[in-house]
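Chemist: Give me a model of this one.
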Amino acid sequence: MSHERSIDERPVSEGGSPRPVFQGVSARPMLEADRSGFVATHDLWREREWAAAAQLRRVVDERGIDLVRVSFADQHGVLRGKTVTRDALWSALSGAVTVPSSLLLKDTSGRSCYPVFTPGAGVGIDWMAGAGDVTLVPDPTSFRILPWAERTGWILCDLHFADGAPVPFSTRGLLRRQLDRLTARGYGMIVGVELEFHVFRRRDEALSEANLGAPGSPGEPPAVGPVSRGSQLLHEEGLDELDDLVRALHDGLVGLDLPLRSIELEFGPNQLEVTFAPRPALQAADDVILARSAIRQICRRNGYHATFMSRPRGADTASSGWHLHQSLVDLKTGSNAFSPTSGDQLLSTAGLRYLGGLLAHAAAASVFSTPTINGYKRYRPLSLAPDRIVWGIDNRGAMVRTVTGPGDAAVRLENRAGEPAANPYLFVASQLVCGLDGLDHEVDPGPPTAEPYLADARRLPSSLMQALDALRADDLFASTFGQDVVDWIVTLKRAEIDRYLADVSDWEQREYFSLL
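Modeler: Prediction:
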């Protein structure tokens with residue numbers, strides 16, 4: 001049985017071209033209505049996007065699509081947006097869909113952390129005052145048909161103000177800007193993804209009053225039960241017990257044209273992992289955004305609850321991580337810039353310096369690789385998760401693991417510090433910023449360690465509070481992302497921490513209620 005792809009497979013869809021296509025004729029549509037919208041007025045698409053939009057029309061017609069989810073990734077890496085009808089899709093593609101800018105100023109509970117109804121909204125941007133609108137600019141090359149939702153499409157968007165300027169707090173745009181810096185230096189970035197997560201069986205599908213929440217006060221999570229016993233890594237029969245779920249995930253992810261390589265049973269109870277083939281950095285980050293949302297939706301529709309929270313209750317034996325593989329490619333030659341030039345090297349000089357940058361700024365970068373309070377409970381010794389800022393040769397206890405071998409064209413660095421809930425655009429961008437600083441300042445990573453949990457080395461931050469302090473103390477991110485972006489991230493995360501510290505936890509109740 002042949003595989004139906006989400007995008008029409010004409011040659012122009014395979015990456016497109018910055019040059020006019022079809023023997024010099026532009027791919028832009030000739031209809032006046034299509035040439036006078038927000039996107040055309042501000043010249044926000046290249047020929048590649050115009051060509052993909054034209055093909056999108058054909059796919060929607062041929063497949064009978066009548067609803068399209070028009071989405072963007074917020075600061076927490078969560079998809080938000082609107083669902084438009086088929087009749088409204090063409091105006092949506094031209095930039096007619098707007099959302100309140102206050103969505104970018106909320107913490108994980110949905111509570112606004114800024115005075116949005118004051119001039120400048122607390123961030124010094126008049127366009128955002130009064131929860132003013134920002135425009136969703138669709139990227140037609142991202143269009144997918146959702147295999148699990150009948151006659152429904154999905155498209156990813158970038159954020160722009162009413163004057164066409166990009167929104168500085170759009171994390172996808174932030175990664176684009178860092179990749180532009182990299183391109184100017186003659187490099188591209190390749191990213192591979194290993195994403196762990198937990199799946200539970202839902203015990204009660206119906207919502208109750210306890211599940212209802214409000215900004216600053218989320219409701220109770222769903223009642224769940226276990227789906228696997230744990231302690232048996234990669235146990236074939238253990239995965240077979242979840243075959244209905246594995247098949248549903250496979251069909252959904254492959255149906256979205258995601259480069260799925262494997263679905264694996266991890267060490268902990270209820271823990272799975274998906275891995276994806278390496279892709280250019282922006283595409284890989286888009287894959288993570290879509291994959292996480294897809295996995296959660298597919299699980300829910302099949303009676304399960306999936307979470308990318310690193311250490312949910314019941315995960316004492318194994319927390320979930322995100323192992324981010326990364327390398328640079330020379331745009332002139334297409335060769336891997338990390339590949340050693342002689343047989344006695346592990347990495348090229350560029351690769352070693354890039355590695356040095358990852359280590360030098362690891363504490364500050366933790367805010368982007370591990371952005372939740374819960375994620376720092378994963379950093380434990382002897383747990384296959386790092387707790388120190390060290391690197392090792394094919395050592396899964398080290399923060400950065402080199403994956404290399406003689407004549408290996410896929411030489412890469414694997415950062416094992418990330419949590420699976422991280423915003424992929426911020427995580428990848430932070431790695432690039434650290435690595436380029438290592439190249440610029442010729443940072444020596446020092447020798448590899450063979451004992452990552454015994455090494456006399458700096459420790460990773462033990463809490464989000466410590467990570468924010470490290471970010472404030474490291475000027476690198478303010479100088480690359482911009483001070484306004486760093487202030488924005490710190491403000492949102494401080495608000496999250498304040499709510500956490502104000503809550504009376506189960507631990508406190510057990511510790512003090514009877515004793516004192």
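
Chemist: ok, the longest strand that the chain contains: who's next to it in the sheet?
Modeler: For the chain, the longest strand by residue count, based on DSSP state E, is strand 187-202. Neighbouring strands of strand 187-202 in its sheet, by DSSP bridges, are strand 224-225 (antiparallel), strand 271-280 (antiparallel), strand 304-307 (antiparallel), strand 322-330 (antiparallel).

Chemist: pLDDT on it, on average?
Modeler: Here strand 187-202 scores 95 as its mean pLDDT.

Chemist: swap in stretch 283-294?
Modeler: Rounded mean pLDDT across stretch 283-294 is 97.

Chemist: buried residues in that stretch?
Modeler: The neighbour-count check on stretch 283-294 (16 or more other CB atoms under 10 Å) flags 284-294 as buried. All C-beta spots, glycine's among them, are computed from the backbone N, C-alpha and C.

Chemist: now do stretch 96-105
Modeler: Neighbour-count burial for stretch 96-105 flags 96-99, 101-105 (criterion: 16+ other CB under 10 Å).

Chemist: what two of those have the greatest distance between them?
Modeler: Farthest pair in the buried residues of stretch 96-105 (CB to CB) is 96 and 105. Separation: 23.3 Å.

Chemist: The residue nearest to the spatial centre of the chain and residue 292, how far apart?
Modeler: Per CA atoms, centre = their mean, the C-alpha nearest to the average position across the chain is that of residue 424, at 2.0 Å. Distance, residue 424 to residue 292, by CB to CB, to the nearest Å: 9 Å.

Chemist: Pipe the strands paired with strand 187-202 into JSON lines and attach distance to residue 507, mean neighbour count and mean pLDDT per row.
Modeler: JSON lines is the format used below for these (distance: least, CB to CB, whole Å; neighbours: other CB atoms under 10 Å; pLDDT from 0 to 100):
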{"stretch": "strand 224-225", "distance to residue 507": "21", "mean neighbour count": "16", "mean pLDDT": "80"}
{"stretch": "strand 271-280", "distance to residue 507": "24", "mean neighbour count": "19", "mean pLDDT": "95"}
{"stretch": "strand 304-307", "distance to residue 507": "21", "mean neighbour count": "22", "mean pLDDT": "94"}
{"stretch": "strand 322-330", "distance to residue 507": "27", "mean neighbour count": "22", "mean pLDDT": "96"}
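
Chemist: Wait, residue 352 touches residue 445, no?
Modeler: Yes. Counting by CB atoms under 8 Å, residue 352 touches residue 445, with 5.9 Å between them.

Chemist: and residue 172, helix, strand or coil?
Modeler: Of the three states, residue 172 takes helix under DSSP: H, G, I helix; E, B strand; the rest coil.

Chemist: next one: residue 82
Modeler: strand.

Chemist: Contact partners for it?
Modeler: The contact partners of residue 82, taken as CB atoms under 8 Å, 6 or more residues apart in numbering, are 69-70, 97, 99, 136.

Chemist: hmm, try it at 10 Å
Modeler: Residues counted as contacts of residue 82 (CB atoms under 10 Å, 6 or more residues apart in numbering) are 68-71, 88, 92, 97-99, 136, 157.

Chemist: so where is this structure shaky, pLDDT-wise?
Modeler: Applying pLDDT under 70 to the chain flags residues 1-35, 209-210, 216, 219, 229-235, 238, 405-407.

Chemist: Domain-wise, how is it divided?
Modeler: 11-169, 181-208+220-474 (automatic domain parsing).

Chemist: looking at those domains, which is closest to residue 482?
Modeler: domain 11-169 (6.6 Å).

Chemist: distance between that closest one and the chain's centre?
Modeler: Its chain's average C-alpha position is 18 Å from that of domain 11-169, according to CA atoms, centre = their mean, to the nearest Å.

Chemist: Scan the contacts of residue 82 and report the most crowded one.
Modeler: residue 68 (28 neighbours; other CB atoms under 10 Å).

Chemist: where do the contact lists of residue 424 and residue 292 overlap?
Modeler: What both residue 424 and residue 292 touch, as defined by CB under 10 Å, 6+ apart, is the set 73, 77, 195.

Chemist: Kindly write the ChimeraX command that selects the buried subset of these.
Modeler: Buried residues within the shared contacts of residue 424 and residue 292, by 16+ other CB under 10 Å, are selected in ChimeraX with:
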select :73,77,195
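
Chemist: Switch the shared contacts of residue 424 and residue 292 over to JSON lines; also include distance to residue 479.
Modeler: Below are these laid out as JSON lines (distance: CB to CB, whole Å):
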{"residue": "73", "distance to residue 479": "24"}
{"residue": "77", "distance to residue 479": "24"}
{"residue": "195", "distance to residue 479": "30"}
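
Chemist: surely residue 280 meets residue 190?
Modeler: Yes. The pair residue 280 / residue 190 is scored as a contact, 6.5 Å apart, by CB atoms under 10 Å.

Chemist: can you list residues touching both of those two?
Modeler: residue 329.

Chemist: if I pick residue 114, what's in contact with it?
Modeler: 102, 104-106, 120-123, 128, 488, 491-492, 495.

Chemist: same check, this time on residue 270
Modeler: Residue 270 neighbours (CB under 10 Å, 6+ apart): 197-201, 224-230, 242, 304-307, 312, 314-315, 318.

Chemist: name the element residue 156 belongs to?
Modeler: Residue 156 belongs to strand 152-160 when assigned by DSSP states H and E.

Chemist: how many neighbours does residue 43 have?
Modeler: Count around residue 43 with other CB under 10 Å applied: 8.

Chemist: Just say helix, strand or coil for it.
Modeler: Classified using three-state DSSP, residue 43 is coil.

Chemist: how much does the strand or helix carrying residue 283 deviate in direction from strand 271-280?
Modeler: Per DSSP H and E, residue 283 falls inside helix 281-301. Counting by axes from the mean of the first three to the mean of the last three CA atoms, to 10 degrees, helix 281-301 lies at 150 degrees to strand 271-280.

Chemist: hey, what's residue 322 bridged with?
Modeler: Residues in beta-bridge contact with residue 322 (DSSP bridges): residue 195, residue 418.

Chemist: give me every residue that touches it.
Modeler: Taking CB under 10 Å, 6+ apart, one finds 193-197, 273, 288, 308, 310, 369-370, 375, 415-422, 424, 427 in contact with residue 322.

Chemist: List buried members of these by neighbour count.
Modeler: 193-197, 273, 288, 308, 310, 369-370, 375, 415-422, 424, 427.

Chemist: returning to that earlier point: which ones among the buried residues of stretch 96-105 map onto strands?
Modeler: Using DSSP E, the buried residues of stretch 96-105 in strands are 98-99.

Chemist: Same list (the buried residues of stretch 96-105) but as a markdown table, adding distance to residue 246.
Modeler: Converted to a markdown table, those look like this (distance: CB to CB, whole Å):
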| residue | distance to residue 246 |
| --- | --- |
| 96 | 40 |
| 97 | 36 |
| 98 | 40 |
| 99 | 35 |
| 101 | 40 |
| 102 | 40 |
| 103 | 34 |
| 104 | 36 |
| 105 | 39 |
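
Chemist: Residue 186: which of the buried residues of stretch 96-105 is nearest?
Modeler: Within these, proximity to residue 186 (CB to CB) peaks at residue 104, which comes in at 33.1 Å.

Chemist: In this structure that closest one contacts residue 161, no?
Modeler: No. The criterion here is CB under 10 Å, and residue 104 misses it with residue 161 at 11.6 Å.

Chemist: Now list whatever residues contact both of these two.
Modeler: In contact with both residue 104 and residue 161: 125, 128, 134, 167-168, using CB under 10 Å, 6+ apart.

Chemist: State the three-state secondary structure for residue 90.
Modeler: Secondary structure, three-state DSSP: residue 90 is helix.

Chemist: Measure how buried it is and give me the count.
Modeler: 19.

Chemist: Was I right to think it contacts residue 57?
Modeler: Yes. Contact criterion CB under 10 Å: residue 90 and residue 57 qualify, at 7.8 Å.
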